[in-house]
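A.B. asks: Give me coordinates for this.
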Amino acid sequence: LNGTCRNVDFYSTSICGLHDITWYCKSKIRIEEIEMKYEILEDKVLITAYDQDGLSVEVPEKIEGHAVTELAPYAFSGTDIEEIILPRTVTKIGRYAFYNCKKLRKISFYNTMKDLGAGAFTNVHNVREIELFLIDTKKSCLREFLIELPEEQDIMFHFEDGDAQILFPEFFEEAIENTP
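C.D. replies: Numbers count the residues shown, from 1 in each chain. Presented below is the predicted three-dimensional model:
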């Protein structure tokens with residue numbers, strides 16, 4: 001089976017008859033086009049689980065007409081995604097949301113992001129690129145991202161009137177107790 005689904009090229013192979021089908025995607029995938037779970041709470045959407053792999057996953061701003069505002073704890077944990085693109089509506093990432101995402105290498109988000117849960121990037125060591133879209137003069141939680149991701153980071157800031165790029169070197173923090 002070969003074809004295109006909403007601008008996504010794909011082909012599949014049947015390994016054991018009709019029971020085992022493997023999909024190979026050749027371009028970006030939008031999360032709304034593949035398997036995901038979510039809850040609508042008080043007119044806002046909480047992404048609770050994502051259990052497929054893709055090169056790049058772009059979280060939609062709205063699902064069923066409601067703004068996507070949060071990624072639940074463990075929502076993307078253990079997946080093989082390489083890039084996550086979050087819309088301006090997402091303001092919170094739950095704890096361990098990307099736990100064990102060993103292939104994750106790039107994160108894009110807006111400065112409307114205010115809350116990064118503890119351990120959101122535990123056992124994630126390949127992220128090297130962060131894109132931060134700055135709207136208005138709002139503060140972001142970039143500091144928390146850098147604490148969670150101590151490896152060298154190439155950060156691209158996108159302002160309304162231009163871009164800036166900064167390289168943050170790898171850092172290591174060690175606490176040594178020197179008490180008698």
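
A.B. asks: give the contact list for Lys102.
C.D. replies: By C-beta atoms under 8 Å, 6 or more residues apart in numbering, the residues touching Lys102 are Asp80, Asn123, Val124, His125, Asn126. Just so you know, the C-beta spots here come from the backbone N, C-alpha and C atoms, and that holds for glycine as well.

A.B. asks: can you check Gly94 too?
C.D. replies: Counting by C-beta under 8 Å, 6+ apart, Gly94 makes contact with Glu70, Leu71, Ala72, Pro73, Tyr74, Ala75, Gly117, Ala120.

A.B. asks: Distance check, the fourth one against Leu55.
C.D. replies: Distance of Pro73 to Leu55, given as C-beta to C-beta, to the nearest Å: 24 Å.

A.B. asks: Neighbour count for those two, which is higher?
C.D. replies: Between Pro73 and Leu55, counted using other C-beta atoms under 10 Å, the more crowded position is Pro73 (17 against 14).

A.B. asks: quick one: low-confidence ranges for the protein?
C.D. replies: Counting by pLDDT under 70, the ranges of the chain that qualify are 1-34, 53, 175, 180.

A.B. asks: in terms of contact, does Glu86 touch Thr112 like I think?
C.D. replies: Just to correct that, residue 86 is Leu rather than Glu. No. The criterion here is C-beta atoms under 8 Å, and Leu86 misses it with Thr112 at 9.4 Å.

A.B. asks: Between those two, which is the more surrounded one?
C.D. replies: The residue with more neighbours, out of Leu86 and Thr112, is Leu86; 23 against 20, by other C-beta under 10 Å.

A.B. asks: Disregarding flanking residues, what is the spatial nearest neighbour of that one?
C.D. replies: Of all residues beyond its chain neighbours, the one nearest Leu86 is Phe109 (4.3 Å), with distances taken as C-beta to C-beta, 6 or more residues apart in numbering.
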